[in-house]
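1. predicted model follows, preceded by the sequence.
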Amino acid sequence: MSLYRRRILLGVAGGIAAYRSAELVRLLVKEQAEVRCVMTRSAQAFITPLTLEALSGEPVHDELFDLTAEREMGHIQLARWAELMVVAPATANVLARHAHGMADDLLTTILLARQGPVLMAPAMNQAMWSHPSTQANVALLRERGIHFIGPDCGALACGEHGPGRMCGLSELLAAMRMCLGSGRLRGERWVINAGPTWEAWDRVRVLTNRASGRLGYYLAEAAAAEGAETILVAGPGVPHSSLPMTRLDVESALDMHRACLHAAEGADVFVATAAVSDFRFAERMGGKHKRAGRQRMRVELVANPDIVADVARLPGRPGRVIAFAAECRDHVRSAQQKMLEKGVDAIVANDAERMGAEEASGWWIDERGVVELPAASKRHFAEQLLERIACMEDEA
Ligand SMILES: Cc1cc2nc3c(=O)[nH]c(=O)nc-3n(C[C@H](O)[C@H](O)[C@H](O)COP(=O)(O)O)c2cc1C
């Protein structure tokens, strides 16, 4: 789930972790989310509105009785404007005030006027967090449908150790994606492979390629955010996600073949984004090959199994099988041929020369024809693919 153009209202309360809201705003802006910030008076003792204003490019709201904004009922508008409201950090005080329906500053007034999803990331001293009052307030808010992420356990700014640290920003972003997801893939199992493979020659050297695995990783995040049970079969170097999914780490094409066939049996969707090595070394040496004075040497390679073709032949074939084809020329024609050979339902052709690039582009090919997919960030591209795959009819 990309945060591209999603309207996020960030409430910042007065805890030490308020300084982390600056980095959070920067990450949201980087994803091209529309971010507006509301700060409590105490928050401004920890970080200035100017910092958040400069990072978000929007005025920061901090006054309930701001005459210009309130002529248009600014607090109600902000509550309605946001697709998601996030309070990070959420202090014990904000939790208590909101749990008891108080509306004595702009942040708590907006919270009370809000009808859409709210996500809170509490952060405080461990004794404050464990206090029965705070625990009762959190239970009450949870019951009313407020989402919570964290706090984490660890060393706290006050020098103590225990639960109370604000969660990591990647966990927070993952939770935001989940809150914004529609849950429409609930009940479906999606298996996605991603990344390069490593074919070992000896103990230290491998045959690999330039794939980063990010497209498959973003697709897995998008599927998980929409509620699918997601299994990511990850080659070396694929980033770790904080969204709920099962990750199967593999190294070689044979490992990936085994893991994919096992995971894809009976799945709803299988998407093969991984750049799997076509060949592996016929013999794998222990230790390290020595040059031994040679100026030239021959190695023998043997073909690896074709993962996506084998998945498409499974007795419990997934309802939709989608392959990727990285081609250097005749992209569409070569991919169309591959689609028939492999028995898949659709194929995404892309330019092999652009492997590892920041953006993705390509062609979506299925039995109905060819659609050009213009260049977009990999996350955005993955979301467009998710849309197409989610709308396909099952073949099995
Ligand atoms: C140095 C310092 C650090 C604080 N850190 C936290 C904290 O991490 N979490 C918290 O709930 N309260 C913390 N407090 C207490 C809050 O600032 C205080 O409860 C305040 O009334 C919160 O206001 P607000 O919830 O309107 O932002 C801290 C106070 C001080 C002086």
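-> Right, received. Where do you want to start? Residues are numbered from 1 along each chain as shown.
2. got the residues of the stretch 51-200 of the chain near the ligand?
-> Taking CB under 6 Å from any ligand atom as the contact definition, the stretch 51-200 of the chain meets the ligand at Thr91, Ala92, Asn93, Val94, Ala123, Met124, Met128. (Each C-beta comes from the backbone N, C-alpha and C, glycine too.)
3. in this structure Glu331 contacts Val348, no?
-> If you look again at residue 331, you'll see it is His, not Glu. No. Using CB atoms under 8 Å, His331 makes no contact with Val348, being 10.3 Å away.
4. overlap in contacts, these two.
-> Common neighbours of His331 and Val348, using CB atoms under 8 Å, 6 or more residues apart in numbering, are Ala325, Gly362, Trp363.
5. point out the ones among those residues that are inside strands.
-> Ala325, Gly362, Trp363 (DSSP state E).
6. thinking again about what came up before, out of the residues of the stretch 51-200 of the chain next to the ligand, which sit inside helices?
-> Ala92, Asn93, Val94, Met128 (DSSP state H).
7. do you know how far the last one is from Val87?
-> Put plainly, it is Met128. Counting by CB to CB, to the nearest Å, the separation of Met128 from Val87 is 16 Å.
8. the more surrounded of the two?
-> Between Met128 and Val87, counting by other CB atoms under 10 Å, Val87 is the more crowded of the two (27 against 19).
9. so what's that one closest to, chain neighbours aside?
-> Gly11 (4.1 Å; CB to CB, 6 or more residues apart in numbering).
10. am I right that the one you found is in a helix?
-> No. Counting by DSSP: H, G, I helix; E, B strand; the rest coil, Gly11 is not part of a helix but strand.
11. wait, what's in contact with the residue nearest the centre of the chain?
-> Nearest residue to the geometric centre of the chain (CA atoms, centre = their mean): Glu221, 3.9 Å. Applying CB under 8 Å, 6+ apart, we find Glu221 in contact with Met1, Ala174, Arg177, Ser241, Leu243, Met245, Arg379, Ala382.
12. between those residues, which is nearest Val204?
-> Using CB to CB, Ser241 comes nearest to Val204 of the contacts of Glu221, at 29.2 Å.
13. most surrounded residue in the shared contacts of His331 and Val348?
-> Gly362 (26 neighbours).
14. shouldn't Ala390 be within a strand?
-> No. Assignment of Ala390 by three-state DSSP gives helix, placing it outside any strand.
15. for the stretch 251-396 of the chain, which spans come out with low pLDDT?
-> Within the stretch 251-396 of the chain, the segments meeting pLDDT under 70 span 356, 394-396.
16. if I look at Leu215, how far off is the ligand?
-> 38 Å (CB to the nearest ligand atom, to the nearest Å).
17. what strand or helix carries that residue?
-> In this assignment (DSSP states H and E), Leu215 forms part of helix 214-225.
18. report the backbone C-alpha coordinates of that helix in CSV.
-> The C-alpha trace of helix 214-225 is given here as CSV (Å, rounded to 0.1, in the frame of the first residue of the first chain):
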residue,chain,number,x,y,z
ARG,A,214,12.3,-4.4,-4.4
LEU,A,215,9.5,-4.7,-6.8
GLY,A,216,8.5,-8.1,-5.4
TYR,A,217,9.0,-6.8,-1.9
TYR,A,218,6.6,-3.8,-2.6
LEU,A,219,4.1,-6.2,-4.2
ALA,A,220,4.2,-8.4,-1.1
GLU,A,221,3.7,-5.3,1.1
ALA,A,222,0.8,-4.2,-1.0
ALA,A,223,-0.9,-7.6,-0.8
ALA,A,224,-0.3,-7.8,2.9
ALA,A,225,-1.7,-4.3,3.4
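19. how about it: buried residues?
-> Arg214, Leu215, Gly216, Tyr217, Tyr218, Leu219, Ala220, Glu221, Ala222, Ala223, Ala224, Ala225 (16 or more other CB atoms under 10 Å).
20. what residue in the stretch 251-396 of the chain comes nearest to the ligand?
-> Arg379 (31.6 Å; CB to the nearest ligand atom).
21. over to the stretch 151-300 of the chain?
-> Of all residues in the stretch 151-300 of the chain, Ala157 sits closest to the ligand, with a separation of 6.8 Å (CB to the nearest ligand atom).
22. quick check: that residue touching Ile16?
-> Yes. Between Ala157 and Ile16 a contact is recorded at 4.3 Å, counting by CB under 8 Å.
23. I am finished for the moment; much appreciated.
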